[in-house]
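>>> predicted coordinates and the sequence they were generated for:
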Amino acid sequence: MWKNPRSFTLDIGKRIAILKDFGASQTVICKYLHNPQILCMSGLLVLVQKMKVLQQLGFDKHSKDFFRAFFCLSATSNERILKRFHLLIARGLSHSDVFHIVRTHPPVLTKTEKSLSESIDYLVNVLNRDVKDLVKYPVFLSCSLQDRIIPRLSIVIKKQEERNYKRDYSLGYLLAMSNESFEKRFALLHQEPG
């Protein structure tokens, strides 16, 4: 990519100028310069195109959310970002719903289309929830269906049935808990009555 140190220095200068043009603060620029994955993206054009895609989705180039999404999605191609964004729209969410989900939780667009579709199918067909619930619980789309969502919800449902306990836990609450916190909380439901 860089043939000599001088071209590296010129390229870094151009990248900093682009970031400043998009409203990056000194803190954001330092974060950018200390992130080799982003710094070594395949060129200035890719950097500009990534930023334009984020604007196309609805991000304000001067917001903290813009740069948070930029850093999170730096390794995801623009085509995949757009494809996943439009997949969520095709599954029944509005553009503003999907933008809210991505603004709140950018890693959603790093998931594969298959993973996103399977999670939505599970939410709608198994949990009998509205797809719009994803706006309240965007982390649902980032969690592994097989490793986190299904096991946790199965445990909660089983514990509730065993104890005739009908508390309705939010998806966000159940999925955001650390494994240790989840085990402590739901081990109490599992204990046999004394």
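Good, I have the coordinates.
>>> helix/strand/coil for Ala24?
Per DSSP: H, G, I helix; E, B strand; the rest coil, the local secondary structure of Ala24 is coil.
>>> right, and it touches Phe66 too?
No - taking contacts as Cβ atoms under 8 Å, Ala24 lies outside contact range of Phe66: 9.0 Å. C-beta here means a position set from N, CA and C on the backbone, and glycine is covered the same way.
>>> and for Ser119, the neighbour number?
Neighbours of Ser119 under the rule other Cβ atoms under 10 Å: 21.
>>> counting by contacts, list what the helix or strand harbouring it packs against.
With the criterion set as DSSP states H and E, the secondary-structure element containing Ser119 is helix 113-121. Packed against helix 113-121 by the contact rule (3 or more Cβ pairs under 8 Å, 6 or more residues apart in numbering; DSSP states H and E) you find helix 78-90.
>>> now the element after the least confident helix or strand in the chain by mean pLDDT, going C-ward?
The least trusted helix or strand in the chain, going by mean pLDDT, DSSP states H and E, turns out to be helix 36-39, with a mean of 64. The C-terminal neighbour of helix 36-39 among helices and strands, as given by DSSP H and E, is helix 44-57.
>>> buried sites along the next helix or strand after that next one?
Using DSSP H and E, the helix or strand that follows helix 44-57 in sequence is helix 64-72. Counting neighbours by 16 or more other Cβ atoms under 10 Å, one finds that the buried residues in helix 64-72 are Asp65, Phe66, Phe67, Ala69, Phe70, Phe71, Cys72.
>>> closest to Pro151 out of those?
Taking Cβ to Cβ as the measure, Cys72 is the one of the buried residues of helix 64-72 closest to Pro151, at 25.8 Å.
>>> quick one: mean pLDDT over the helix holding Ser119.
What helix 113-121 shows for mean pLDDT is 96.
>>> now do it: distance to the chain's middle.
Relative to its parent chain, helix 113-121 has a centroid offset of 14 Å by Cα atoms, centre = their mean, to the nearest Å.
>>> what's next to stretch 134-153, contact-wise?
The list of residues contacting stretch 134-153 from outside it, by Cβ atoms under 8 Å, 6 or more residues apart in numbering, reads 88, 93, 97, 100-102, 104-105, 107-108, 110-111, 115-116, 118-120, 122-123, 127, 133, 170-172, 174-176, 182.
>>> which of these are buried?
In the contacts of stretch 134-153, burial by neighbour count holds for 88, 93, 97, 100-102, 105, 108, 111, 115-116, 119-120, 122-123, 133, 171, 174-175, 182, counting by 16+ other Cβ under 10 Å.
>>> filter these down to the ones in strands?
Judged by DSSP state E, the subset of those located in strands is empty.
>>> any idea how far the residue nearest to the spatial centre of the chain is from Asp65?
Nearest to the mean C-alpha position of the chain, counting by Cα atoms, centre = their mean, stands Pro107 at 2.0 Å. The spacing between Pro107 and Asp65, counted by Cβ to Cβ, to the nearest Å, is 13 Å.
>>> swap in Met177?
In this structure, Met177 lies at 25 Å from Asp65, with Cβ to Cβ as the measure.
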